[in-house]
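Asker: Sequence first, then the predicted structure:
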Amino acid sequence: PPLPSVPASWTPPQAPPRPDSCVEVADGDDVAARLAAAAPGDAFCLAPGRYQGPFRIGAGVTLWGPREASLVSTGTGDTVVLTGDGPRLLGLTVDGSGSRYDLQDAAVHVNSAAGALVSGVRVCNALFGIIVEKSRAVDVVGNEVDGSGRAEIGLRGDSIRMWETTDSRIVGNRVTGARDIVIWYSGGNEVRGNEVIG
């Protein structure tokens, strides 16, 4: 069946404020290499364009961009991984992921992190949207997850999945065409103001 129509009054979340101090990254630059060489406290601001993954955001590193800046999957594995203390993924679009259910390939994967922030991000064309596992004090706030929209709901990945994670927030996100928001083996979390359609 067709997906429900999007209310005319709904507007995508805006990108969080640009970091006060960041390194400008032009379309075509090797973002993955910049992130690999980054130190805690570094921030990178992307210009509109398409950037080839995969990407790994380490402790204390921020990656920011407008919606028109897309982090693009190679077609295998996770597209963006956040790990360590205080990584941040803000604004921009994450386009695609791998297709393996057994590996839970995701557009955004927060793994073994503390104080991570995923905010204002659009996820599209991914098997799983945003996965948070073995982490604490993670904020997943104001994101838009567009799933595959496949008619067989069992063949859709979860939009947002939280596993073995504590003291975290899933707030103000919008999901279409994916499975539900799922929380397993986790405690002390806040889930509020999310919208799930179709």
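Answerer: Arrived safely, thanks for sending.
Asker: Any regions of the protein where pLDDT drops low?
Answerer: 1-15, 148-156, 198 (pLDDT under 70).
Asker: Where is the longest strand in the chain?
Answerer: Of all segments of type strand in the chain, defined using DSSP state E, the longest is strand 62-72.
Asker: what's it packed up against?
Answerer: helix 31-36, strand 43-46, strand 49-52, strand 55-57, strand 88-95 (3 or more CB pairs under 8 Å, 6 or more residues apart in numbering; DSSP states H and E). C-beta here means a position set from N, CA and C on the backbone, and glycine is covered the same way.
Asker: In which helix or strand does residue 113 reside?
Answerer: Assessed by DSSP states H and E, residue 113 sits inside strand 106-114.
Asker: Quick one: name whatever helix or strand follows that strand.
Answerer: strand 117-119.
Asker: Which neighbours in the sheet does the helix or strand residue 175 falls within have, and how are they oriented?
Answerer: Of the helices and strands defined by DSSP H and E, residue 175 is found in strand 174-176. Next to strand 174-176 in the sheet, as set by DSSP bridges, lie strand 144-146 (parallel), strand 195-197 (parallel).
Asker: Name the residues that touch the first one?
Answerer: When you say that, I think you mean strand 144-146. Here strand 144-146 makes contact (CB atoms under 8 Å, 6 or more residues apart in numbering) with 12-13, 121-125, 129-130, 159-160, 173-178.
Asker: what's residue 94 in contact with, if anything?
Answerer: Contact analysis of residue 94 by CB under 8 Å, 6+ apart lists 70-71, 73, 79-80, 107-108, 121-124, 126.
Asker: and what of residue 168?
Answerer: 132, 135-140, 162, 186, 188-190.
Asker: before we move on, back to that, please tabulate the helices and strands packed on strand 62-72 in a markdown table, including the columns distance to residue 101.
Answerer: Shown next, in a markdown table, are the helices and strands packed on strand 62-72 (distance: least, CB to CB, whole Å):
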| stretch | distance to residue 101 |
| --- | --- |
| helix 31-36 | 25 |
| strand 43-46 | 30 |
| strand 49-52 | 24 |
| strand 55-57 | 22 |
| strand 88-95 | 19 |
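Asker: Buried ones among the contacts of residue 168?
Answerer: For the contacts of residue 168, a burial check counting by 16 or more other CB atoms under 10 Å picks out 132, 135-140, 162, 186, 189.
Asker: Right, I'll leave it there.
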